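> generate a structure from the sequence data that follows.
(2 chains)
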Amino acid sequence: MTEVLARASGVTRRYGDVVAVDNLSVEIPAGQLLGLLGPNGAGKSTLINMFVGLRKPTSGTVELFGHDPRDVRARRRMGMTPQETGMPETLLAGEVIEFVAAHYPNPISRKELLAQFHLEEVERRQTGGLSGGEKRRLAIALAFVGRPDLVFLDEPTTGLDVEVRRALWDGVKAYNAAGGTAVITSHYLEEIEELAQRVIIIDNGRAVADDSVEALRRVSGLRKVTIRAIEVPSLPGVVGVEQTGDLVSLITADSDQLVRDLVASGAPFADLEVSSGSLEDAFLAYTAKAPTAAPTA
Amino acid sequence: MNTIAAYTKFEILGAIRIPMVFVALLFLPTVGMLLFVVPALGDDPVAATLSTGSMCLFTVLIICSAQYGLGIADARMKPWGGYVRTLPGGPVPKMVSMIAMSSVFVVAGSIPLIAIAVIGTEATASFLDVLLGLGALVLAVIPFSLLMLAIGYAVNPYLVSVITSIAPIILAYLGGLFTDPNSTGGFTSNVSPFIPTRGSAELVWAAIGDYTPNALSMVMLGVWTVVLAFLAYRAYRSDEGKRFR
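Residues are numbered from 1 along each chain as shown, chains lettered A, B, ... in the order given. Sure, this is the predicted structure:
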């Protein structure tokens, strides 16, 4: 059996009257790339913050490497990205790396880290003067300084251009291939689809789905029926609707019946296409909400 | 040890990249030396010596305000502080490095004031007295860093900058740092024994010159230190909840 690196058991976290995380139980086994999906405010960040010891659960327990996450010993094998907006602006990128490295018994060499994240040319620059993409890369690099067994990557590639994003994905995959475990949240479903082996969909503080990407794609046999139509026809059996211009995608569990209903309704349409559902469709079906639009890089 | 060194380097680098900070820190005590100590007490060896100590203590107040009051308020507003708490360091390196930094600042900040005293006044003190005085100044960091920690953690961060810029002047004034230490009577000498500044000042004066500390001031300094430690601890604890709203 694989070792479980971190575990949340029946965890609830309240902020006043708001329940951010509601009786959630998650195990993070060694070697897994786990994706956390959910709309804004679903509780993803709260869950991660409890795993890294920044917040205490209101009830339930969180364990990191067998300890309370607030215990220093638990955090030695863990890495996390800071929010890039908060770096100490007057320090050089290399100095920030050195500072973080001083916390770990066997940190990665600075040269190696800089090369891995394409940061060589910013080593001698103050973090306040870095571009958004450079800050983001530095922030992600910091998660890997201590040769962690488990990293938490919260929105790792938001605001990065496609090329850099691809490079980071390759980095995460290489880290995983070498035995590393990662928990990733993202606004980009494509990113989760590409990286994650297992996905947990969180909505209103609860895990509404927890399965492999493949299983979620096939989730209850969901199909996507795409048509060109001026108006979105109102039909039974539709669990989600996406619309771009006159291109309408209807997500349903029974595409055959939906097509029959569509034809019978007499609504004008063209270019009928039926495809198997994507992760996005599963996400829509489970949360009944569209994922928040992310800025296109 | 490695971690403590890294935190200290981190603090020092953060500070020296903005050299104007030092000018700002030393501005008021230098003005105090030039406009008050040199012309009014410069010819009296005892008063000039003790008042130089007063201005050094004034510097300590300003350093504590900036380092602890503003520093903590700043860290509360920035996500970096939260990130550092996820690193496997614990609170000890941060505390040790801040205390080390305070000591460095206090000694470095006293040098220009002592230089003015040597050049412009009749102040005299033996080398040992000066060392003892610096020790008393470093000791004075304790109550004022606690006060500023309490303010930094408990008060709205935007208000902290206002409070920390006026608090040193008020504390220095009420503690009698702007008057001749040996003068008696007047408003401040009735009030000052009850102000924590006075006890710290009297220790500095006793270290560098012929001055006997007042028992009431010493008791009040002890009382203040305990009260401020409690307030700082409570503010720190309650901040953990508020920060994560």
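> ok, now which ones touch residue 217?
Chain wasn't specified; assuming chain A. Residue A:217 is in contact with A:276, A:277, A:278, A:279, A:282, counting by C-beta atoms under 8 Å, 6 or more residues apart in numbering or on different chains. To be clear about C-beta, it is placed using only N, CA and C from the backbone, and glycine gets the same treatment.
> actually, chain B is the one I wanted.
Neighbouring residues of residue B:217 by C-beta under 8 Å, 6+ apart: B:192, B:193, B:198, B:199, B:202.
> which one (most neighbours) among those?
residue B:198 (28 neighbours; other C-beta atoms under 10 Å in any protein chain shown).
> quick check: pLDDT value at residue 173.
With no chain named, the answer covers chain A. Predicted confidence (pLDDT) for residue A:173: 91.
> that answer is for a different chain, and I need it for chain B
91.
> can you map out the helices along chain A?
Secondary structure of chain A by DSSP state H: the helices cover A:44-51, A:72-75, A:93-101, A:110-116, A:132-143, A:162-177, A:189-195, A:213-217, A:255-265, A:279-287.
> how about residues contacting stretch A:267-275?
A:223-231, A:233, A:255, A:259, A:262.
> can I get these in a markdown table with pLDDT?
Listed next are those as a markdown table, based on pLDDT from 0 to 100:
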| residue | pLDDT |
| --- | --- |
| A:223 | 79 |
| A:224 | 80 |
| A:225 | 86 |
| A:226 | 87 |
| A:227 | 89 |
| A:228 | 89 |
| A:229 | 86 |
| A:230 | 82 |
| A:231 | 79 |
| A:233 | 73 |
| A:255 | 84 |
| A:259 | 89 |
| A:262 | 87 |
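> got the buried residues for the host helix or strand of residue B:229?
Assigned by DSSP states H and E, residue B:229 belongs to helix B:215-243. Buried residues in helix B:215-243, counted by 16 or more other C-beta atoms under 10 Å in any protein chain shown: B:217, B:220, B:221, B:224, B:225, B:228, B:229, B:231, B:232, B:235, B:236.
> quick one: mean pLDDT for that helix?
83.
> how far is it from where the chain is centred?
Helix B:215-243 sits 15 Å away from the centroid of its parent chain (C-alpha atoms, centre = their mean, to the nearest Å).
> coming back round to it: chain A: which of the contacts of residue B:217 is nearest?
Using C-beta to the nearest C-beta, the shortest approach to chain A within the contacts of residue B:217 belongs to residue B:199, at 35.7 Å.
> how about that closest one: what's its closest non-neighbour residue?
Of all residues not flanking residue B:199 in the chain, residue B:221 sits nearest, at 2.7 Å (C-beta to C-beta, 6 or more residues apart in numbering or on different chains).
> then residue B:188?
Closest residue in space to residue B:188, ignoring its immediate chain neighbours: residue B:176 at 4.6 Å, by C-beta to C-beta, 6+ apart.
> any chance you could map the strands in the chain?
Going with chain A. A:4-15, A:18-29, A:33-37, A:59-64, A:78-80, A:150-154, A:181-185, A:198-203, A:206-212, A:223-228, A:238-244, A:247-252, A:270-276 (DSSP state E).
> can you look at chain B instead?
Along chain B, no stretch is classed among the strands by DSSP E.
> mind checking which helix or strand of it has the lowest mean pLDDT?
helix B:186-191 (a mean of 78; mean pLDDT, DSSP states H and E).
> distance of the nearest residue to residue B:17 once chain neighbours are set aside relative to residue A:81?
Spatially, and ignoring its direct neighbours in sequence, residue B:17 is nearest to residue A:90 (3.7 Å; C-beta to C-beta, 6+ apart). From residue A:90 across to residue A:81, the span is 21 Å (C-beta to C-beta, to the nearest Å).
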